[in-house]
Each structure stands twice: as C-alpha cells, then as structure tokens.
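1. Sharing a model that was predicted from the sequence below.
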Amino acid sequence: MNLKIKHRAVAAAQSLLARVERDDRGVAAIEFAMIVPIMFFLFVGAIEFSQALTVDRRVTQSASSTADLIARAPTSGLTETQVDGHLKIIEQLIEPYDLTNLTVTIVSVKAQAVPGNPAATNYVVDWSRDNHGATPYARNTNYPGIPAGLLANGESVIIAEAKYNYQPIVFKYFISTAFDLKEKFYLKPRNASCVHLRPINCVTGGAL
C-alpha cells in the first residue's frame, strides 16, 4: 500500500512539473520588461544625436557664410557697422535654435616677416569682431594656430570662429554640463590683399 502511495506522489509531482514547464504565460511580460529600457535609450539616443548633428551643421554654416561675406569685401574695406551687419546672417542660419548660445568671431590676420629673419613669419591680428559687438583679439597681437603653408609674408586671411554651447535636450537629465560645438574657416580676401576695417589701412596701419 505504501508503495502505491509513493508511486502516486511521484506521478503527481511529475505532472505538476510538466504543467509548469508548459506554462509560458509570464515569459512575454518578462522579455518586454527587459527590452523596453534598451529600446527607450536607443530611441532617445537617436533623437539626441540627430539634434546635435543638425546644430553642428548650423554652426558650420554660420562660420562659412560669415567668412565668405567678409572675404568678399570691396577694396575700400568695411566699417565696424558693416561687419556687424554681415554677422547678423547667423540669426537666420541658427534658427530655430537659441542664438544666445552661439558666438561667431571674425578675425583678419596678416603674415609678417620677422625683422632680421625674413624666412620666419609672424601671424598678427589686424582686427577682430564678434556677433556680440566685442573685439575678442587685440590688434597687433599674435594669432595662434595658422596652418602651415596657408600664408606667405604679406598675405592675409579672414578667419571665422564659431562656437555653440550645446545643451542636450533629453540627456540633460544624465549629462549635467553642456559642451561646445566648434568650427573654424579660413578664407583669403577676394578683392584685395587684406580687408580694411575702416578707417585703418590694413596694409600700412595708418588711416585710410
């Protein structure tokens, strides 16, 4: 009798285990709960990357367009008011993003031979202006970072520096600080050896 009871107990246990193995009603819910966070971060990451890429393109356009406008200045040069007017193009280029986060600086740099060493070159700031109406670089100071071979002595270049302080839209809850998107363009003047910022003559340093 005891043997029959044991067989029945074993059979009942085997039947229960078989039913548990076949019962997969909770598997889908568990898999869904595991996949949702991964899919969410992939989706948000794609949006954030696309947003940052779009802003970076706008920053590039801001730098290239302003450099091109200044490099096309007439032989008579430009006034500060005219330079400021050209810089206003960034208001359209950066829309619909926050203009206050964008700084575009225009710098006119001349290559000058070092006295006593004609083979050496100094890269000197002739003038500078940014979209906030400031003068970021003092006149006649050295400008760093000119690419080798870009300028020969006596030549000049217009440099547009653009910097956008980018604040993530969604990831700002995970990234506590913003980061800068930067671009720099070099364009030689089209109509003269250098662009005068009137009333100063960019060649002689005197008044026009």
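-> Structure's in. What do you need?
2. what does the average pLDDT come to for the longest helix along the chain?
-> As assigned by DSSP state H, the longest helix anywhere in the chain is helix 27-71. In this model, helix 27-71 has a mean pLDDT of 85.
3. Tell me which other helices or strands the next helix or strand after that helix touches.
-> Sequence-wise, the next helix or strand downstream of helix 27-71 (DSSP states H and E) is helix 80-87. With contacts defined as 3 or more C-beta pairs under 8 Å, 6 or more residues apart in numbering; DSSP states H and E, the packing partners of helix 80-87 are helix 27-71, strand 102-114, strand 117-130. To be clear about C-beta, it is placed using only N, CA and C from the backbone, and glycine gets the same treatment.
4. Pick out the residue closest to the middle of this protein.
-> The residue lying closest to the centre of the chain (C-alpha atoms, centre = their mean) is residue 181, at 2.2 Å.
5. and that residue, what pLDDT?
-> Reading off the model, residue 181 has pLDDT 93.
6. Name the spans of this structure whose pLDDT lies under the cut-off.
-> Applying pLDDT under 70 to the chain flags residues 1-29, 170-178.
7. if I pick residue 129, what's in contact with it?
-> Applying C-beta atoms under 8 Å, 6 or more residues apart in numbering to residue 129 gives the contacts 80, 83-84, 87, 105-106, 135, 197.
8. got a winner among those for most neighbours?
-> Neighbour counts for the contacts of residue 129 peak at residue 106, which has 27 neighbours (criterion: other C-beta atoms under 10 Å).
9. my guess is it meets residue 85, correct?
-> No - look at residue 106 against residue 85 with C-beta atoms under 8 Å: they stay out of range, at 12.0 Å.
10. Looking at the helices and strands packed on helix 80-87, which is nearest to residue 144?
-> strand 117-130 (7.8 Å; C-beta to C-beta).
11. Name the residues of the closest one that come out as buried.
-> By 16 or more other C-beta atoms under 10 Å, the buried positions in strand 117-130 come out as 121, 123-130.
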